[in-house]
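Colleague: Need the 3D shape of this:
(2 chains)
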2 protein chains.
Amino acid sequence: MSQSVEVCIIGAGVSGLKAAQHLIKNSKYSAEDIVILEAQDRIGGRLYTDRTSSKLGYSYDLGASWFHDCLTNVLFQHFYSGEDNDVFDISKDGYFDDKPECMFEKDLTGPVSEAKTKVGTIIHDIEKFIELYFLEHLSLEEDKSVKEMVDLYLLKYSKLLTEEEIKYAKVAMRYVELWHGVSWDKLSARYSILQHQGRNLFNAKGYDVIIDWLLKDIPRERILLESPVSKINRHVSNSDKRISVETKNGTVIHCNYLVVSVPLSILSLESSSDYGITWEPPLPETMTAALQKIHFGGLGKVVFEFDSIWWDMNQDRFSMIPKLTQSNEIFEELTSLPEPWSYPATAINYSAVRSKQDGTAAKGGSLVILTQSPLSNYLEKHPHEAWTYFKPMLSKIAVKEMPNEPITTITTEWSSNPYIRGAYGTIFTGDDPVNASIQLSGQVPGAGISSSTIRFAGEHTATEGEGCVNGAWMSGEREANWIMEHAGKSLKPLL
Amino acid sequence: MSQSVEVCIIGAGVSGLKAAQHLIKNSKYSAEDIVILEAQDRIGGRLYTDRTSSKLGYSYDLGASWFHDCLTNVLFQHFYSGEDNDVFDISKDGYFDDKPECMFEKDLTGPVSEAKTKVGTIIHDIEKFIELYFLEHLSLEEDKSVKEMVDLYLLKYSKLLTEEEIKYAKVAMRYVELWHGVSWDKLSARYSILQHQGRNLFNAKGYDVIIDWLLKDIPRERILLESPVSKINRHVSNSDKRISVETKNGTVIHCNYLVVSVPLSILSLESSSDYGITWEPPLPETMTAALQKIHFGGLGKVVFEFDSIWWDMNQDRFSMIPKLTQSNEIFEELTSLPEPWSYPATAINYSAVRSKQDGTAAKGGSLVILTQSPLSNYLEKHPHEAWTYFKPMLSKIAVKEMPNEPITTITTEWSSNPYIRGAYGTIFTGDDPVNASIQLSGQVPGAGISSSTIRFAGEHTATEGEGCVNGAWMSGEREANWIMEHAGKSLKPLL
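Modeller: As a prediction, the model looks like this:
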């Protein structure tokens, strides 16, 4: 099959759909001028609301679940303004799960006392130490992992701390693993400290409502499912269209504009890989080099449902402080289930998140646990071992008798999904995310293939809201706007 | 009396003494080449350790008491390196009073629950809101007071908050008053949000040890006490020295270099004022204008000693959240004692601060309470009313029976001291502290009177550690270094 359109969009996630919807609503192009190629058999990309697995009638976002940085989040601000309340009503569909975290550790029965351990104060001090360190060591060559920087801090400042404070200071910074989706021994300290722009609102309604909202303007037949792209011909000469895109199943799309919104993990694959894209001519070396200096994090989730609520419903989040591991080995992959408490974890009191929706208490309750690579990858492959791993950790939060087994276990599958291969962009020690975003965002003249009509969108191309729904959203809008600005103008000869 | 020296230093506080000590130790000048004029009858300026008023054998720093921003604080780092441990031994002479604050308010018996009120989360959100606001409103004309910015935040975001959260959100930001020394209705929001560079260490030994340390290198007779300066002749022609300085009591100092380390509050006075300095010729208008765009905060302290400890010794700080005041009137001065809970206050568990020193519990204990202008000014004038004001507030923290009266009350006198007139530089709405520091720090070519051999030192001239001992210290060293670099060089004709 072959089609000729003005705009082809690769990827039916939030950025690709937003690009399409924005063009359909605001440009001279109609839906017929656009086609979206989606590798998977479903729409939504890394937004995925599971509405069928729950035994309690809950839905679970297995992909993104928060509106992050609400003070600057365009989606949050849109709905907060009161517009499109039927799509998402901030006052009832969202929940700020930001009560002080309740911390637990292996050797302690009750919660960890902030006053005794000063965990929060010391984390804050380590973060400032890291910030100051990299103000003095500007060269990217001098990056260190978060783990190395904690060691450096303690080497210098442990004399100021009590033995108990040191015990926690040694591991407490690992909380960043659950933001970046990767263990601290791989994570770049230089880029690990997040500057939040406001609070984070848990989307309790499900992020599929945003996908459905975008789909209102996109005729379903403009999206071709199960159409993974195998090849992009950047400069076609024997056609009236400049670009052609070939899928694995033989479809060819001819187009003048192309928006590539595949995940970074796909972009970074060798073209020889089964799921990689062959570029003809190949991407400029500046781009392929930049893509090697950015990685993909493996944030995963494990959902446990129970027929009763046996934890404190007045808490939002239970943080598990990991035990100190002696080994300095960096695990690329886990070949067997690690001991409980090997990794930090955050268990979200999902029953509290949903309490506005389910006013009159549901029969049971559930916890949503965040995990990081390489643990995510292991648990996603071995979901039946998840309870074995977490049961001793979760037993700490019990205020009533804890059931022997959950009634439901749901595990994400992002890392084993060949079209996703993880969660979102993350920064390994020595990476250069700034250059990657320069090469991909198309905002800097001369960088990437910015003079071309081939555009990139997705969370990994965002310069604001990186890794988040709002960043992906804005990147789709950005590229739609670029096309609208350039469409019809005579384009420079293609390079 | 008249003296001729190479360097005259006005002010025997930490910056003036540091300048003198640095010159004596490192330059070609000896102590005989230097004279220090001090207006008061004591050395130390705004470092003042009261070692006589306590009935419990305690000392109290009525001026500065912390090593702030320890990760970058030069004094902290010096002592932490192990040098001069006999002067100050970080491991036993300091105390990090940074356990989570215990908050109280008028209408509640126990401490305020963070989980219920989200005070910390919402303060953080308001601070980010303020930061983002001023990123969008760069013009200094668009400054607002902290109070106005809280109103603006609540106007926009109160819909997201519960009624109880709003109640606290309305007043919780007033905590900044105790950093800046002035009430929130006067305080510039643009400059109110502090970026700390590490933890703050309470100096439990007393800051006079730093003064005494500097004095080891400065012969006592080089410091003329009770010698307030009335006039500075910038360009003397009929002498071999370039500058002459006249004191109220008739002393004249002829010198080639002058370091002016008087407080900002003195610099800002009209020369016609009783305590002002007449400059001949007058200071350039750029300087006098800059001095009008910076103010002086009135941080004060009230110390209460008791014959027993009736509060929780496991806490470091008790924060008093003020009641909401209906009036929008900005009080320049209080003419009668306000109702308790009109202003936020922080009570420091001084017995905890001193616990390393006094191992085997003292018989009693004490609290050190921080206050802000205009309350400081009132209480400093009416010390006998301090207990009336604070008693109902402090009753909240009682875990044992609270005595009817303290056995000792000590109140600072900074605001009524005509040579000090407050505490340290602070920023009123619409002020421009950057320009003031440019004009005074002598670091920017063309600004201030930087081509002159008249230099300025003190916390208000610091570009790092503003308002702090380490900032004052570094400013003294900076000016000593400037003199060492320029001494002997032929100077440009004076302007």
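Colleague: Quick one: the helices in the stretch 51-200 of chain A, in order.
Modeller: A:74-80, A:90-93, A:114-117, A:119-136, A:146-157, A:163-172, A:177-180 (DSSP state H, counting those that start in this stretch).
Colleague: need the contact list for whatever residue of the stretch 351-495 of chain A ends up closest to chain B.
Modeller: Residue of the stretch 351-495 of chain A nearest chain B, by CB to the nearest CB: residue A:352 (11.2 Å). Heads up, the C-betas are built off the backbone N, CA and C, glycines and all. Residue A:352 makes contacts with A:95, A:97, A:313, A:315, A:316, as judged by CB atoms under 8 Å, 6 or more residues apart in numbering or on different chains.
Colleague: Which pLDDT value belongs to it?
Modeller: Turning to residue A:352, the model gives it a pLDDT of 96.
Colleague: doesn't it fall inside a helix?
Modeller: Yes - Residue A:352 sits within a helix when classified using DSSP: H, G, I helix; E, B strand; the rest coil.
Colleague: coming back round to it: so which of the contacts of residue A:352 is surrounded by the most neighbours?
Modeller: The residue in those with the most neighbours, by other CB atoms under 10 Å in any protein chain shown, is residue A:97 (22 neighbours).
Colleague: Look up how far residue A:347 lies from it.
Modeller: Distance, residue A:97 to residue A:347, by CB to CB, to the nearest Å: 11 Å.
Colleague: Now the common contact residues for the two.
Modeller: Joint contacts of residue A:97 and residue A:347 (CB under 8 Å, 6+ apart) are residue A:317.
Colleague: can you give me phi and psi for residue A:328?
Modeller: phi -100, psi 10 (degrees, to the nearest 10).
Colleague: Not counting its neighbours along the chain, what's nearest it?
Modeller: Nearest non-adjacent residue to residue A:328, counting by CB to CB, 6 or more residues apart in numbering or on different chains: residue A:185, 7.7 Å away.
Colleague: Can you report how many residues neighbour the closest residue to residue A:144 other than its chain neighbours?
Modeller: Nearest residue to residue A:144 in three dimensions, chain neighbours excluded: residue A:189, at 5.0 Å (CB to CB, 6+ apart). Neighbour count for residue A:189, taken as other CB under 10 Å: 27.
Colleague: and residue A:189, how far is that from residue A:127?
Modeller: From residue A:189 to residue A:127 the distance is 10 Å (CB to CB).
Colleague: what's the answer for residue A:203, then?
Modeller: With CB to CB as the criterion, residue A:203 and residue A:127 are 27 Å apart.
Colleague: Who has more neighbours out of those two?
Modeller: More crowded of residue A:203 and residue A:127, by other CB under 10 Å: residue A:203, with 25 against 19.
Colleague: per-residue pLDDT, that one?
Modeller: pLDDT, residue A:203: 98.
Colleague: near chain B, which residues of the stretch 201-350 of chain A show up?
Modeller: Residues of the stretch 201-350 of chain A lying close to chain B by CB under 8 Å from any CB of the partner chain are A:314, A:315.
Colleague: which stretches of the stretch 201-350 of chain A form helices?
Modeller: Under DSSP H, counting those that start in this stretch, the stretch 201-350 of chain A gives helices at A:208-215, A:264-267, A:285-292, A:350-353.
Colleague: For the residue of the stretch 201-350 of chain A found nearest chain B, which non-adjacent residue is spatially closest?
Modeller: Per CB to the nearest CB, residue A:314 is where the stretch 201-350 of chain A lies closest to chain B, at 6.4 Å. Among residues not flanking residue A:314 along the chain, residue B:115 sits closest, at 6.4 Å (CB to CB, 6+ apart).
Colleague: what do you get for residue A:109?
Modeller: Closest to residue A:109 by CB to CB, 6+ apart is residue A:396, at 7.3 Å.
Colleague: same check, this time on residue A:388
Modeller: Nearest to residue A:388 is residue A:337, by CB to CB, 6+ apart, at 6.5 Å.
Colleague: low-confidence ranges in chain A?
Modeller: A:359-362, A:450-451, A:488-495 (pLDDT under 70).
Colleague: can you list the domains in it?
Modeller: Annotated domains of chain A cover A:2-45+A:207-296+A:429-486, A:99-198+A:300-411 [automatic domain parsing].
Colleague: okay, how far is it across the last one, tip to tip?
Modeller: Right, domain A:99-198+A:300-411. One end of domain A:99-198+A:300-411 to the other measures 26 Å (CA to CA, to the nearest Å).
Colleague: chain center to that domain: distance?
Modeller: 17 Å (CA atoms, centre = their mean, to the nearest Å).
Colleague: Of all the domains of chain A, which one is nearest residue B:241?
Modeller: Set against residue B:241 and scored by CB to CB, those come closest in domain A:99-198+A:300-411, at 42.4 Å.
Colleague: Taking the centroid of chain A, which residue is nearest it?
Modeller: residue A:424 (3.9 Å; CA atoms, centre = their mean).
Colleague: Which residues are in contact with that one?
Modeller: Per CB under 8 Å, 6+ apart, neighbours of residue A:424: A:46, A:181, A:263, A:264, A:296, A:297, A:299, A:459, A:460, A:467.
Colleague: any idea how far residue A:176 is from the first one?
Modeller: In this case it means residue A:46. 20 Å.
Colleague: what does the stretch 1-150 of chain A put close to chain B?
Modeller: Counting by CB under 8 Å from any CB, the residues of the stretch 1-150 of chain A close to chain B are A:71-72, A:80, A:90-91, A:96, A:98-100, A:114-115, A:118, A:120-121, A:125, A:128-129, A:132.
Colleague: Alright, I will stop here.
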